[in-house]
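Trainee: need a structure here:
(4 chains)
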Number of protein chains: 2
Amino acid sequence: MPYDPVFRVRRFNRAVTAEVGALDTSFLGRGRPLGAARVLNLIGQGQSDVAAIRDDLDLDSGLMSRLLRSLEEEGLIETVSNPQDARRRIARLTETGRCEFQAYEALSNAQATAFLARHSQPEELLRAMDIVASALRRSHIAVEEKDPRNADAIYCLGEYYAELGRRFEKGFDVSLSRDPDAGDMIRPRGVFLVATSDSLPIGCVGLKGSGGDVAEIKRLWVAPSARGLGLAKRLMAAAENCACELSIEVLRLDTNSALTEAQQLYRRTGWTEISRFNDDPYPDTFFEKRL
Amino acid sequence: MPYDPVFRVRRFNRAVTAEVGALDTSFLGRGRPLGAARVLNLIGQGQSDVAAIRDDLDLDSGLMSRLLRSLEEEGLIETVSNPQDARRRIARLTETGRCEFQAYEALSNAQATAFLARHSQPEELLRAMDIVASALRRSHIAVEEKDPRNADAIYCLGEYYAELGRRFEKGFDVSLSRDPDAGDMIRPRGVFLVATSDSLPIGCVGLKGSGGDVAEIKRLWVAPSARGLGLAKRLMAAAENCACELSIEVLRLDTNSALTEAQQLYRRTGWTEISRFNDDPYPDTFFEKRL
DNA sequence: CTAATTGTCTGACCTAAGTCAGATAAATGC
DNA sequence: GCATTTATCTGACTTAGGTCAGACAATTAG
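Mentor: So this is what the prediction gives:
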């Protein structure tokens, strides 16, 4: 007899509303209104274009202008005209501003550390926070092409191999598998796509081409914290899209019957099972899709 | 190489801050400022004492007074003097107010339902939300005495039995175990304590007395979503406290070696292992503590 | 070159939220 | 009974946040 789901969601909302003050105190406690602190924070993170900041925070141009001026009067930022377009302005931190920004960062980090330290099972708590954050921000998940040797890509691949290790009865050893050469997953031969949610990598897929009109889908992975959001489908669609752009006509992939959700996805999205097309020791099921 | 915990907590904070607007839109969208809506909401939930509402929302008496008047002018509430103390005022909804309150409730429920419906693994998501909500509100967890036949108590016991069923190799059947008579867990013989977080039951413990100076600790349970918060320790301490009030001198309990965390807790909090004192089929380890 | 568009700034104005110093009336302690 | 305390109300004031219309300068389309 689990408790009413709607009740549980509302309880979560109440908890969060009651504590957001605390969650965001990092912005407070330094004698600056929230708006100004948020602008300072964005500038500190490298957002220099005033219009972009205004857009990010959804501010009126008048209000934005005043916030910038108040930060300027405090000596935290300086603004100059954009040389490419003198109507636009660019803001950057002064030395004092950099210190102030660092102070906010330190507060925020300390608060996060303290929150975790109060819990005796922080890994469980983090897992839960990841799930909730991904669900709340599902409409802001970005799928982008990255070099497979980029840090985010390597992180995804590491997690992918670890997951295979857990799910295959005999574990998984990358060196035994035919590891695609990075060049085969970079344009013009192929692509590597990484999904990020607020810059945390939560999924990936590789399209491994050889220059011909046949290519392979490899390394489809979705973080456990991002499952249930339809991300695998989205990654596969994006990869197929890239394949079209690269004039690829036939896609193939190999998979293992232990990965049941993946197989379900393939069958539901127009893939048909074919016979073995490589001698890799891990896969036991093979699919093909004509574009 | 898991991602930096501090980064993950801050990502969660950002997600929540960005979406609280959405989480709390239930309060908006009906042409009333947040403050007034929150007061209306509390009154709707049965908080009638004006001072209590002020205390709950941490409002200045002046502000509170104005909010009440604006709701009164809208015809949503009426206030009368408290007959016991004519300085105090009591607020209650009018018929119109009840409709308006129901409209807020409906909005809030619809929003929660929609959020869950967007996710294809809602049970996973709810579990995560419970964990986060309990951690955020850990300082507001209430431990209260309840009748063991009360709905919250029955819910806790059901979850407790279900958990034993999962953890004992041969499952668990309540009818085979010596189920304490409800009367033995009500004062003056004993007590039953339930921990709730924002009215969701998340833990319980029973003190089963017989009228003499020996009593037993039974049914210690903490919801999976509330583990890591030190709740078991707090429940045990509360139960011991009650035992002292009831002039009980010796506490005993039986447990199973499959429940490792529980045993650890007992050993760390002054309990000593003793020999079997009943013929219940499930326990295999027995403890005692002199108060 | 001219007209329209774009990005920023400024002043006037507004609401929500909250603080503070009394005023008032009821209740309580002695 | 009288002084003190308590709960609420009222008016004056402040801050944060935000809207709106127009000014101004730079850019772009034709």
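Trainee: how many residues are close by residue A:20?
Mentor: Close neighbours of residue A:20, defined as other Cβ atoms under 10 Å in any protein chain shown, add up to 17. Quick note: C-beta positions are derived from backbone N, CA and C, even for glycine.
Trainee: quick one, what contacts it?
Mentor: Contact analysis of residue A:20 by Cβ atoms under 8 Å, 6 or more residues apart in numbering or on different chains lists B:16, B:17, B:20.
Trainee: run through the residues that contact residue A:41.
Mentor: Contacts of residue A:41 by Cβ under 8 Å, 6+ apart are A:27, A:101, A:104.
Trainee: give me that answer again for 7 Å
Mentor: Contacts for residue A:41 were tallied using Cβ atoms under 7 Å, 6 or more residues apart in numbering or on different chains; they are A:101, A:104.
Trainee: do you know how far it is from residue B:16?
Mentor: Applying Cβ to Cβ, to the nearest Å, the value for residue A:41 to residue B:16 is 16 Å.
Trainee: one more: residue A:177?
Mentor: 39 Å.
Trainee: of those two, who's got more company?
Mentor: Higher neighbour count among residue A:177 and residue B:16: residue B:16, with 26 against 17, using other Cβ under 10 Å.
Trainee: that one and residue A:16 touch, don't they?
Mentor: Yes: between residue B:16 and residue A:16 there is a contact under Cβ atoms under 7 Å: 5.2 Å.
Trainee: up against chain B, what does the stretch 51-200 of chain A have?
Mentor: A:108-109, A:112-113, A:115-116, A:119-122, A:124-126, A:128-133, A:135-137, A:155, A:158, A:198, A:200 (Cβ under 7 Å from any Cβ of the partner chain).
Trainee: out of those residues, which are close to DNA strand D?
Mentor: Among these, proximity to DNA strand D is found for none (Cβ under 7 Å from any atom of the strand).
Trainee: mind listing which of those are in helices?
Mentor: A:108-109, A:112-113, A:115-116, A:122, A:124-126, A:128-133, A:135-136, A:155, A:158 (DSSP state H).
Trainee: using PyMOL, define a selection of the buried residues within those.
Mentor: PyMOL command restricting those to the buried ones, with burial defined by 16 or more other Cβ atoms under 10 Å in any protein chain shown:
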select buried, chain A and resi 108+109+112+115+116+122+124+125+126+128+129+130+131+132+133+135+136+155
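Trainee: for the stretch 51-200 of chain A, which segments count as strands?
Mentor: Under the criterion DSSP state E, counting those that start in this stretch, the stretch 51-200 of chain A contains strands at A:77-82, A:85-93, A:141-145, A:191-197, A:200-209.
Trainee: TSV for these, including mean neighbour count?
Mentor: Shown next, in TSV, are the strands of the stretch 51-200 of chain A (neighbours: other Cβ atoms under 10 Å in any protein chain shown):
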stretch	mean neighbour count
strand A:77-82	15
strand A:85-93	14
strand A:141-145	15
strand A:191-197	25
strand A:200-209	26
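Trainee: export those strands to CSV and tack on distance to DNA strand C and mean pLDDT?
Mentor: Output for the strands of the stretch 51-200 of chain A, formatted as CSV (distance: least, Cβ to the nearest atom of the strand, whole Å; pLDDT from 0 to 100):
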stretch, distance to DNA strand C, mean pLDDT
strand A:77-82, 6, 93
strand A:85-93, 4, 93
strand A:141-145, 22, 96
strand A:191-197, 26, 97
strand A:200-209, 29, 97
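Trainee: what residue in chain A is the furthest from its centre?
Mentor: The centre of chain A is farthest from one residue, residue A:73, which by Cα atoms, centre = their mean lies 36.5 Å away.
Trainee: next one: it from DNA strand D, what distance?
Mentor: Using Cβ to the nearest atom of the strand, to the nearest Å, residue A:73 is found at 13 Å from DNA strand D.
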